[in-house]
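>>> okay, predicted coordinates and the sequence, questions at the end:
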Amino acid sequence: MTYQSAIPTRPDTLEQPASQFDSLAQQHQADTLGMWVFLASEILFFGGMFMAYTVYRTAFPAAFEAASGHLNLGLGGINTAILLTSSLTMTLADDAVVARNRRATAIWLALTALLGTIFLAIKGIEWREEFREQLAPLFGRPFVFPEPHTDQARLFFSFYFALTGLHALHLLIGVVLVLVMLIFTLRDAPHLDAKVIIAGLYWHLVDLIWVFVFPLLYLAARHG
Amino acid sequence: MTTVPITLPKNYLNQDYTLWSWLTTIDHKRIAWLYLVSITFFFFLGGAAATVMRLELATAPGDVVESETYNRLFSLHGIAMVWFFLVPSIPATLGNFLLPLMIGARDMAFPRLNLLSWYLYAIAGVFALTMVIAGGVDTGWTFYTPYSSLFANGQVVLAVVGIIVAGFSSILTGLNFIVTVHKMRAPGLTWMRLPLFVWAQYATAIIMVLATPVLAITLLMIALERILGIGIFDPKMGGDPVLFQHLFWFYSHPAVYIMILPGMGVVSEIITCFARKHIFGYDGMAFALLAIALIGFLVWGHHMFVAGQSVYASVVFSLLSFIVAVPSGIKVFNWAATLYKGSVSFETPMLYALGFVGLFTIGGLTGVTVASTAVDVHVHDTYFVIAHFHYIMVGGMVMAYFGGLHFWWPKMTGRMYPDVWGRIAAITIFIGFNLTFFPQFILGYLGMPRRYHTYPDEFELLNALSSAGASILAAGYLLPLAYLLYSLRWGPMAGPNPWDARGLEWTTPSPPPEHNFDRIPIVTQKPYAYDVPKRDSDPA
Amino acid sequence: MPGTDTQESIALLPRASTLAERVDAQFFTLLWVDALMVVVLFGLIIGFAVYYRRGTLRNRVSNAPQTRVEITWSTALLLIFLSIFAWSAHLYVEASSPPKNALEIHGIGKQWMWKFEHRGGQREINELHVPLGVPVKVILATQDVIHSFFVPAFRMKQDVVPGRLRVAWFTPSRVGRYHLFCAEYCGLDHSRMRGHVVVMERNDYEAWLAGFTGTESLAAQGEKLFSQYGCIGCHGPGSKVLAPGLGGIFGKSVPLAGGSIAVVDENYLRDSILAPEQQVVAGYQPIMPSFAGRIDEADLMRLIAYIKSLSAPQGAP
């Protein structure tokens, strides 16, 4: 891909590896491997909760399907589309930084952060809706759900808030990370390509986790 | 004795003496010291709790402290010892100090992350101490639901948050180790030339990275249950308390291997050095470490033979537990075989290493006993289990930790400690340990349940014996504190390689310079080449 | 009292159930295997360390065939471990389910005591009287946290988890009075949640049971609760509401809505009372309200005893 009026990033020759490394290549490989190891750890982190959710989903299929029906599938679907698009813009940012194009990098990063923020805003709207409908069993608030599934539905919504909350926290960290990358890009920081690509890895993982969260929670009622 | 002022060449210790330089250091060797000081604090905190417990248990009635206090003491003992001492012990101190030195690197791959790990540990420690000052918890270190989530009235949230933060600290340490071993090895240092200590740290790091997050999420669910009132483990909402046990042990069983694999690494280094022998079966030893780490992920259900899991699940978990014991057995045999035709000497580190092999063997064999389903139904949750895991964790890991500390102390400080006192301490600890914990095997078989503040009279004799042993053990642990501190100022200079050991860390001056190596070494052979020159010159 | 010979010496834990003999046989065999391995290994280590100590003149040229030696002892270990596993798993599986004709006693653990109720309604706290030579099935529930029913002399232990009924069973083989412990940490007075199991000759046991006056059998108490909680309105004979009848169902398989089959056991009955919507019998509407939170463990145990009595053969108590 070529960009018009590209502002190039600083050339590699100006960059030195950190003192513990022998070469830039070694440093970049270490950084990338480090992020992958971290992502493996993250997968196990969410995996524990997916596991617990699946146990109860299997134990109480009827209640979980009924409770899942109370989620806003429309907003959830829109959010899924937004997050998938953000992964595309992040990939384009990766692409641009590899092509040493600072302007394009900055634009795609800004778009990515924007999409992430919109996702969080929509998530907030959904949560407010659920609070209004008294579907949030948090802080000792009343939980209203028709019999006979009240107790198990409370369990479902416990998982719903725990999972979407943890995911939103991760996404928030992701947005901040992407904004930091944006600042780095504008300042033409050293090792820019490695930094952006590693931030991208994290972003894709948070996206990927949503790809599991969405069907587990929203589509439980609609599996036919 | 007069101290002759010697001007040491610049090294990592005398670069800068300010507190600020220590708190902002990104040198792996200094971070190791930050950990060493902090885990020593928690070791003695957990030890103090154990001392009061043994004092209480010396007699059958509850006459020293109230039940409430006793329950908080054993919870504190477990939490402090497991998460704030044993898990970080060898990896965060010796591992941090030695890993880059052993692989010929100037530092870890991520020095700043390394410092962050320590700060996370320190923050977690502050949470733990706040928890203690605010009254403690009485859940035990296992936090079983629904007691911990709905019934306990202690500072469960503080404790749980502290442990989660400590968990992130060990995840980051593990991440750093994995990347460092993969990417920072010196030229020629292939995987099959790595010292077993490095293999052990690597296997441990895999467990840290993959198991700890599951603990974090599980404890997080308990915290959320208590703060927000959601009911993931609440049976009244259809929640399942046994699910907590599955998730908890999915971490905590592999965590047992976090608490023993590094010790196996240390002991392999020490035994080869003091037997002047190549390790017997290097490949087997390395693969055994990895095998233990990986199979260790599949045995968690052996903690739940009487918790009501399916009989067939129990049988499968039992089978896997027997299988994971095989690589441990291989290691013990190989250490014994390493001594064969060696030239064995018995300095302090070697005494600890031999003690490790003996006590770990007993701990491992009784582990096979508790892996046997039918027998475990009887001894589960009794002092038999307590004795078993103390043989692994104290008899194994703590012995190895002390052995390693004595072995590399001259490297870390540049000075020698009085070896006579070292040997006296090692023997005292060995005797005290056995007197403390061997009677507990018998108590467990006779049926004394764990976590008992008072107990029937007929258990009194054995308990008194155990408590008497504990006082010897406590004295044994205080000795090194005294003479190691003494050696910091008055110990004789050690020189770069006082044990005439192989390994790259011994090619640097003691203490090593800030960036470890002036020239990155090139490795041309397997580790432990103790017998190589001998074979050439002295065929008889 | 008959059979008051308590735990004698600390060196010997009495073997007071049929299981105890078999568990001990395994335990002590393992102990001997362990001891043998310890002797061999320690012998090797100490022997090598002393014989090859530094300064001695020994032949130190080693040409041990490493791989072959390693494979030999790994295989040997694996075989030893696998045979122990098989032996132990065999006993565990065999001992996992009680015989059909076992004497049933209900037990409830709560912070910090054990309560038991015999079929005839005889109640005791922290004491459990059982007859010699008869398989006894203790159906356990807990009112609060996890407890564990542990009788060392029987070599038997069973955790009791809230939300489920658990069965502990044993056949007492020796008259006497033995410790009963709670083995799972349950809070403040965990260490005081202990009592005794008293094994009596069968005649003595019958006499002991008969010594209670004014008791009403569990099933009879359950029958009263059956109408008190209004169960009878739908499940009683001649009810207009379409609800499954409860006569003769215990131990049978029932088809559930959704196609699966459930066996009616104590836990099924318990779940059906507390969470009826989870297991609806095929052909019925899910209209039964949940009784969760409105009925405690003690009443549940009586109701279950009553429903079971509806399936007892004619003439049985």
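Done, it's in. Residues are numbered from 1 along each chain as shown, chains lettered A, B, ... in the order given.
>>> wouldn't residue C:222 be in contact with residue C:303 here?
Yes - applying CB atoms under 8 Å, one finds residue C:222 in contact with residue C:303, separated by 4.8 Å. For glycine as for every other residue, the C-beta is placed from the backbone atoms N, C-alpha and C.
>>> these two: which is more packed in?
residue C:303 (26 against 23; other CB atoms under 10 Å in any protein chain shown).
>>> chain B versus that one, what's the distance?
Residue C:303 sits 18 Å away from chain B, taking CB to the nearest CB, to the nearest Å as the criterion.
>>> OK, contacts around that residue?
Residues counted as contacts of residue C:303 (CB atoms under 8 Å, 6 or more residues apart in numbering or on different chains) are C:222, C:225-226, C:229, C:231, C:269, C:273, C:295.
>>> what does it show for phi and psi?
The phi and psi values for residue C:303, taken as degrees, to the nearest 10, are phi -60, psi -40.
>>> likewise for residue B:165?
According to degrees, to the nearest 10, residue B:165 has phi -60, psi -40.
>>> ok, the nearest residue to it once chain neighbours are set aside - contacts?
Nearest in space to residue B:165, with sequence neighbours left out and distances taken as CB to CB, 6 or more residues apart in numbering or on different chains, is residue B:124 at 3.9 Å. Residues near residue B:124 by CB under 8 Å, 6+ apart: B:83-84, B:162-166, B:169.
>>> tell me the secondary structure for the residue lying farthest from the centre of chain C?
Within chain C, the residue lying farthest from the chain centre (CA atoms, centre = their mean) is residue C:57, at 62.1 Å. Classification of residue C:57 using DSSP: H, G, I helix; E, B strand; the rest coil returns coil.
>>> phi, psi for it please.
phi -100, psi 100.
>>> before we move on, the earlier item: so which of the contacts of residue C:303 are in helices?
Judged by DSSP state H, helices contain the following of those: C:222, C:225-226, C:269, C:273.
>>> on that earlier part again, against residue B:160, how distant is the residue nearest to residue B:165?
Taking CB to CB, to the nearest Å as the measure, residue B:124 falls 11 Å from residue B:160.
>>> same question, residue C:109
Residue C:109 is 26 Å from residue B:160, by CB to CB.
>>> low-confidence bits of chain C, can you list those?
Scanning chain C for pLDDT under 70 picks out C:1-11, C:313-317.
>>> tell me which residue of it lies closest to chain B.
At 2.6 Å from chain B, residue C:152 is the closest residue in chain C, using CB to the nearest CB.
>>> excluding chain neighbours, what is closest to whatever residue of chain A ends up closest to chain C?
Here the residue of chain A nearest chain C is residue A:148; by CB to the nearest CB that distance is 3.8 Å. Of all residues not flanking residue A:148 in the chain, residue C:277 sits nearest, at 3.8 Å (CB to CB, 6+ apart).
>>> who are the contact partners of that neighbour?
A:62-63, A:148-149, C:286, C:288, C:290 are the contacts of residue C:277 under CB under 8 Å, 6+ apart.
>>> what of residue C:78?
So residue C:78 contacts B:323, B:326 (CB under 8 Å, 6+ apart).
>>> could I get the phi/psi values of it?
phi -60, psi -40.
>>> how close does it get to residue B:327?
Relative to residue B:327, and taking CB to CB, residue C:78 is found at 10 Å.
>>> with residue B:154 instead?
When distance is defined by CB to CB, residue B:154 is 39 Å away from residue B:327.
>>> tell me which of those two has more neighbours.
Neighbour count, other CB under 10 Å: between residue B:154 and residue B:327, residue B:327 has more, with 23 against 19.
>>> returning to that earlier point: neighbour-wise, which one of the ones in helices among the contacts of residue C:303 leads?
In these, the most neighbours by other CB under 10 Å go to residue C:222, 23 neighbours.
>>> show me the contacts for that residue.
C:302-307, C:309.
>>> could I get these as JSON lines with secondary structure?
Output for those, formatted as JSON lines (three-state DSSP):
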{"residue": "C:302", "secondary structure": "helix"}
{"residue": "C:303", "secondary structure": "helix"}
{"residue": "C:304", "secondary structure": "helix"}
{"residue": "C:305", "secondary structure": "helix"}
{"residue": "C:306", "secondary structure": "helix"}
{"residue": "C:307", "secondary structure": "helix"}
{"residue": "C:309", "secondary structure": "helix"}
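>>> without its sequence neighbours, what residue ends up closest to the residue of chain C closest to chain B?
residue B:447 (2.6 Å).
>>> I figured residue B:72 hits residue B:133, correct?
No - contact criterion CB under 8 Å: residue B:72 and residue B:133 do not qualify, at 11.9 Å.
>>> please enumerate the helices of chain A.
So, for chain A - with DSSP H - the helices run A:24-59, A:61-68, A:73-98, A:102-132, A:150-187, A:192-218.
>>> anything in the fourth one near chain B?
Read it as helix A:102-132. No - counting by CB under 8 Å from any CB of the partner chain, chain B is not contacted by helix A:102-132; separation bottoms out at 12.8 Å.
>>> just want the angle from that helix to helix A:150-187.
160 degrees (axes from the mean of the first three to the mean of the last three CA atoms, to 10 degrees).
>>> got the buried residues for helix A:102-132?
A:102-113, A:115-120, A:122-123, A:126-127, A:130 (16 or more other CB atoms under 10 Å in any protein chain shown).
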